[in-house]
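J.: sharing a sequence plus its predicted fold:
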Amino acid sequence: MRYMLLIYTDERAEPKDGTPEQMKMLQGYGAFTEEVNKLGISESSERLRPIADATTVRIRDGKTVVTDGPFAETREQLGGYYLLNCKDLDQAIALAAKIPGAEFGSIEVRPIFEM
């Protein structure tokens, strides 16, 4: 079954650019990506640009409304994802626990609705 592992973190709590903490985190993501690639279950993964670069589109009263920033004010922002084809939910949860962002944010494990 395919699962989307959505990585939510508070951008303000993430390690700062160029610090040893950020290098450790990036190495952790590299190791995780290598692991799921070796398992042959990775279908896609991407890191998103910061929320300052986001644009939100809504239709209100038939008109398109475009605003800068994320959809909603929240403490955590969607920062990236992994799309994995896991044997079951238990495997998806075990892998989600290995994502470095889980240490200072949360990982939402969501099954894909196969059409």
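T.: Structure received.

J.: now do the helices in this protein.
T.: Ranges of helices in the chain, per DSSP state H, are 20-39, 89-96.

J.: so of those helices, which one's packed in deepest?
T.: helix 89-96 (a mean of 16; mean count of other CB atoms under 10 Å). Every residue, glycine included, has its C-beta placed from N, CA and C.

J.: mind checking the pLDDT average for it?
T.: Across helix 89-96, pLDDT averages out at 97.

J.: list the contacts of that helix.
T.: 1, 3, 5, 32, 35-36, 82, 84, 86, 102, 107, 109, 111 (CB atoms under 8 Å, 6 or more residues apart in numbering).

J.: which among these end up buried?
T.: Tyr3, Leu5, Phe32, Val36, Tyr82, Leu84, Cys86, Ile107, Val109 (16 or more other CB atoms under 10 Å).

J.: so, low pLDDT: which residues of this structure?
T.: The chain contains residues with pLDDT under 70 at 70-74.

J.: coming back round to it: mind listing which of the contacts of helix 89-96 are in strands?
T.: The strands, defined by DSSP state E, take in Tyr3, Leu5, Tyr82, Leu84, Ile107, Val109, Pro111 from those.

J.: return the closest of the contacts of helix 89-96 with respect to Glu14.
T.: Nearest to Glu14 out of these is Ala102 (CB to CB; 12.6 Å).

J.: the residue nearest to the closest one when sequence neighbours are not counted and Asp88, how far apart?
T.: The spatially closest residue to Ala102, leaving aside those adjacent along the chain, is Ala96, at 6.7 Å (CB to CB, 6 or more residues apart in numbering). Between Ala96 and Asp88 the computed distance is 13 Å (CB to CB, to the nearest Å).

J.: returning to that earlier point: as JSON lines, the helices of the chain with distance to Thr67 would be great.
T.: Output for the helices of the chain, formatted as JSON lines (distance: least, CB to CB, whole Å):
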{"stretch": "helix 20-39", "distance to Thr67": "30"}
{"stretch": "helix 89-96", "distance to Thr67": "31"}
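
J.: and of the ones you listed, who's closest to Arg58?
T.: Arg58 sits nearest to helix 89-96 of all the helices of the chain, at 30.3 Å, using CB to CB.
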